[in-house]
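[1] My questions concern the predicted model and sequence given below.
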Amino acid sequence: MAARGKVAAFNLPPLPTVGEIIKLFRLQAQKQLSQNFLLDLRLTDKIVRQAGKLKNAHVCEVGPGPGGITRSILNADVEQLLLVEKDPRFIPGLQMLSEAAPGKVRIVHGDILTFKMEKAFPKHLKKNWEDEPPNIHIIGNLPFSVSTPLIIKWLENVSKKNGPFIYGRTQMTLTFQKEVAERLTANTGGKQRSRLSIMSQHLCTVENRFVIPGQAFVPKPEVDVAVVHFTPLVQPKIQQPFELVEKVVRSAFQFRRKHCFRGIETLFPESERLKKTEELMMAADVDPTLRPFQLSMSHFRNLCNTYRKMCEEDPSLFAYNYREELKQKKRQHLPKSISQTEQTEEEN
């Protein structure tokens, strides 16, 4: 009864259920696209509630699929809802929802990884970075295959204050595989602490809100799913360019089970590797025998700040690429260095 009251309040006519839409348009989740549908509207309502108060808000939903979360967003009485959907099979069902909410829904058939978010919302919604977040939200039940590259792209946008963050500190409520969500929110010393932990937490407040069991989805994935909320920080915890921070963090986690200096030394060409690594670790006051997941945010801040100074003293240093050096050695059939013989253990 409560759901009907909600629908009536927002003038949405009775609609086929999400399950009926799937049957009507003969939609099947495609395994190669890692698609999983969420049909339980109590769960889609719960996801949308994590975004906060959405009345009169402007929302972008990523990958709406058959439109379960879309209905919950519309029931929250948003001002405008932008749907970005890559799979053309879902467009007719989404158009049905659009017609049920005249003037509220805009559908874009496109890829969120290439969609220009800078023009997605009205200019008058822009806020200064130091102000409260704008009344703009990104919500999405992301396909597993796109979730990690997409959040890395958006974190870079946060760092540069462009893309969806040209409007200010736009909030995001997104689903991830439970293991990825645990990486995003892992604390220092946690077994899931990784590159994703540092890159997300130095730029955003990241909260793992709740877990949805895999059996709630159709088809049922082999893993559970977590809903994660991101709010960009006014000041990043590491005040260095995104590319520099990512290079240092990626290097540190290159060999995650070994002492951290093993990964850090891949920042430097072989000819000066030992000397430069010692110099960096000493200046940054980082114990070289710590494991990468034991390094705190302040450790990474010191490493990034010191590495930046070293790059300013030697402008060719930042361009050095350890993996490219390995590839060249393989091509030249040179004897393998110790670093080459060890398995890279980097994790997202």
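    Sure thing, it's come through.

[2] List the contacts of stretch 113-128.
    Residues from elsewhere that reach stretch 113-128, judged by Cβ atoms under 8 Å, 6 or more residues apart in numbering: 58, 60, 80, 82, 84, 108, 133-136, 146, 149-150, 153, 157, 162-164, 166-169. Heads up, the C-betas are built off the backbone N, CA and C, glycines and all.

[3] of these, buried ones?
    Neighbour-count burial (16 or more other Cβ atoms under 10 Å) is assigned, among these, to 58, 60, 80, 82, 84, 133-136, 146, 150, 157, 163-164, 166-169.

[4] Among the residues you listed, which ones are in helices?
    Within the buried ones among the contacts of stretch 113-128, residues falling in helices by DSSP state H are 146, 150, 157.

[5] Is it possible to get a markdown table of those residues that adds pLDDT and distance to R331?
    Formatted as a markdown table, those follow (pLDDT from 0 to 100; distance: Cβ to Cβ, whole Å):
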| residue | pLDDT | distance to R331 |
| --- | --- | --- |
| V146 | 90 | 32 |
| L150 | 96 | 33 |
| N157 | 98 | 36 |
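
[6] Any chance of these in a markdown table with distance to T289 as columns?
    Formatted as a markdown table, these follow (distance: Cβ to Cβ, whole Å):
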| residue | distance to T289 |
| --- | --- |
| V146 | 38 |
| L150 | 36 |
| N157 | 36 |
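
[7] quick one: the strands in the stretch 151-300 of the chain?
    Along the stretch 151-300 of the chain, the stretches classed as strands by DSSP state E, counting those that start in this stretch are 171-177, 204-212, 217-218, 225-232.

[8] So for the last one, mean pLDDT?
    Spelled out, it's strand 225-232. In this model, strand 225-232 has a mean pLDDT of 97.

[9] Which strands border it, and is each parallel or antiparallel?
    Here strand 225-232 is paired, per DSSP bridges, with strand 171-177 (antiparallel), strand 204-212 (antiparallel).

[10] quick one: the helices in the chain?
    Taking DSSP H as the test, the helices found in the chain are 2-9, 18-24, 41-49, 68-75, 91-100, 144-160, 178-185, 195-201, 242-252, 260-264, 273-283, 297-313, 322-332, 338-341.

[11] So which of the strands paired with strand 225-232 is the most surrounded?
    Ranked by mean neighbour count, the strands paired with strand 225-232 are led by strand 171-177 with a mean of 23 (mean count of other Cβ atoms under 10 Å).

[12] pLDDT (mean, whole number) over it?
    Rounded mean pLDDT across strand 171-177 is 97.

[13] For R301, which residues are in contact?
    Neighbouring residues of R301 by Cβ under 8 Å, 6+ apart: 202, 237-239.

[14] Select only the buried ones of these in ChimeraX?
    To isolate the buried members of the contacts of R301 in ChimeraX, using 16+ other Cβ under 10 Å:
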select :202,238
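
[15] Which of the contacts of R301 sits closest to L317?
    Set against L317, the nearest of those by Cβ to Cβ is I238 (18.2 Å).

[16] My guess is G65 contacts D87. True?
    Yes - at 7.4 Å, G65 counts as touching D87 under the criterion of Cβ atoms under 8 Å.

[17] and these two? which has more neighbours close in?
    Ranked by neighbour count (other Cβ atoms under 10 Å), G65 and D87 place G65 first, with 27 against 16.

[18] phi, psi of the more buried one?
    Note on G65: its backbone torsions stand at phi 60, psi -130 [degrees, to the nearest 10].

[19] OK, contacts around it?
    G65 neighbours (Cβ under 8 Å, 6+ apart): 35, 37, 85, 87, 90, 141.

[20] Where does pLDDT dip in the stretch 151-300 of the chain?
    By pLDDT under 70, the stretch 151-300 of the chain has no low-scoring segment.

[21] still on that earlier bit, so which of the contacts of G65 would you say is closest to I47?
    Distances from I47 to the contacts of G65, taken as Cβ to Cβ, are shortest for N141 (7.3 Å).

[22] what about the closest one, neighbour count?
    The burial count assigned to N141 is 26, neighbours taken as other Cβ under 10 Å.

[23] just G140 next, same as before
    22.

[24] what's the answer for R291, then?
    R291 has 18 neighbours, counted by other Cβ under 10 Å.

[25] Repeat that for the one 5 residues further on.
    For S296, the tally of surrounding residues (other Cβ under 10 Å) stands at 15.

[26] list the contacts for it?
    So S296 contacts T188 (Cβ under 8 Å, 6+ apart).

[27] next one: the one 3 residues further on
    When the contact criterion is Cβ under 8 Å, 6+ apart, the partners of H299 are 284, 286, 290.
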